[in-house]
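K.L.:
Fold the following, please.
(2 chains)
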Amino acid sequence: EAGVAQSPRYKIIEKRQSVAFWCNPISGHATLYWYQQILGQGPKLLIQFQNNGVVDDSQLPKDRFSAERLKGVDSTLKIQPAKLEDSAVYLCASSLALQTQYFGPGTRLLVL
Amino acid sequence: AQTVTQSQPEMSVQEAETVTLSCTYDTSENNYYLFWYKQPPSRQMILVIRQEAYKQQNATENRFSVNFQKAAKSFSLKISDSQLGDTAMYFCAFPNTGNQFYFGTGTSLTVIP
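P.N.:
Model prediction:
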């Protein structure tokens, strides 16, 4: 069984630029999550989708972050414009309803 | 609100020895799951072990086992016969009723050859 796929693996941008991350969950997993992990901290949930609907986005900085999961499978997380403090690893995870979350390899973002 | 506390920022263990990582949590719920994840330098979060709160028996996965004390809200991870590949950050995670995970701050484990 294929795991959670994410791309790109690394991204370096300058502040005020925009960036997008892509995630493909495990086949059949209805729930998809995006986490932000700043160096030295545990992951923090940004947004949770159930199929193509948003379950929770209370910690998503909506003035600059957006996410979508149009067909209930792949998801895209966008940052526009990026700030220095957005430098982090962005992790995507998926699960079968309320069960174990499986994580992708993450995207390391560096904002200069 | 759920909180997860890992009080050991760094630990080290000799290869082939046993080490225990601590985790405490706070919740008002009765039925829930608890997880330990491993994060090597590649930064991918890898599931180590899962415990269901309604089960009295502690979970075991090969060299990894937990000591789950529900009344004390304690969930420690024991790694037996430590191997160099066990070197990583270890995170304790606790989901709320919506399956949104709360993670501890992590314990950095180094296995010394």
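K.L.:
rest of the way, CA atoms for contacts and neighbours
P.N.:
OK.
K.L.:
A:Leu91: neighbouring residues, count only.
P.N.:
27 (other Cα atoms under 10 Å in any protein chain shown).
K.L.:
so where is the chain shaky, pLDDT-wise?
P.N.:
The chain I'm using is chain A. A:1, A:97-98 (pLDDT under 70).
K.L.:
ah, no, chain B please
P.N.:
Within chain B, the segments meeting pLDDT under 70 span B:1.
K.L.:
Enumerate the residues of it near chain A.
P.N.:
Residues of chain B lying near chain A by Cα under 8 Å from any Cα of the partner chain: B:42-47, B:91, B:98-106.
K.L.:
ok, 10 Å please
P.N.:
B:9, B:33-35, B:37, B:42-47, B:49-50, B:89-93, B:95-108 (Cα under 10 Å from any Cα of the partner chain).
K.L.:
Just the buried ones from these, in PyMOL syntax?
P.N.:
Buried residues within the residues of chain B next to chain A, by 16 or more other Cα atoms under 10 Å in any protein chain shown, are selected in PyMOL with:
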select buried, chain B and resi 33+34+35+37+43+44+45+46+47+49+50+89+90+91+92+93+95+99+100+101+102+103+104+105+106+107+108
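K.L.:
Nearest spatial neighbour of the residue most central in space within chain A, chain-adjacent residues omitted?
P.N.:
The structure's chain A has its C-alpha centroid closest to A:Trp34; by Cα atoms, centre = their mean the separation is 3.3 Å. The spatial neighbour of A:Trp34 that comes closest, neighbours along the chain excluded (Cα to Cα, 6 or more residues apart in numbering or on different chains), is A:Cys92 at 4.7 Å.
K.L.:
The closest residue to chain A within chain B: what's it in contact with?
P.N.:
As assessed by Cα to the nearest Cα, chain A sits closest to B:Gln44 within chain B, at 4.5 Å. By Cα atoms under 10 Å, 6 or more residues apart in numbering or on different chains, the residues touching B:Gln44 are A:89, A:91-92, A:102-107, B:37-38.
K.L.:
Might you enumerate the residues of chain A proximal to chain B?
P.N.:
A:31, A:33, A:35, A:37, A:40-48, A:55-56, A:89-93, A:95, A:97-108.
K.L.:
Looking at these, which are in strands?
P.N.:
Counting by DSSP state E, the part of the residues of chain A next to chain B found in strands is A:31, A:33, A:35, A:37, A:44-48, A:55-56, A:89-93, A:95, A:102-103, A:107-108.
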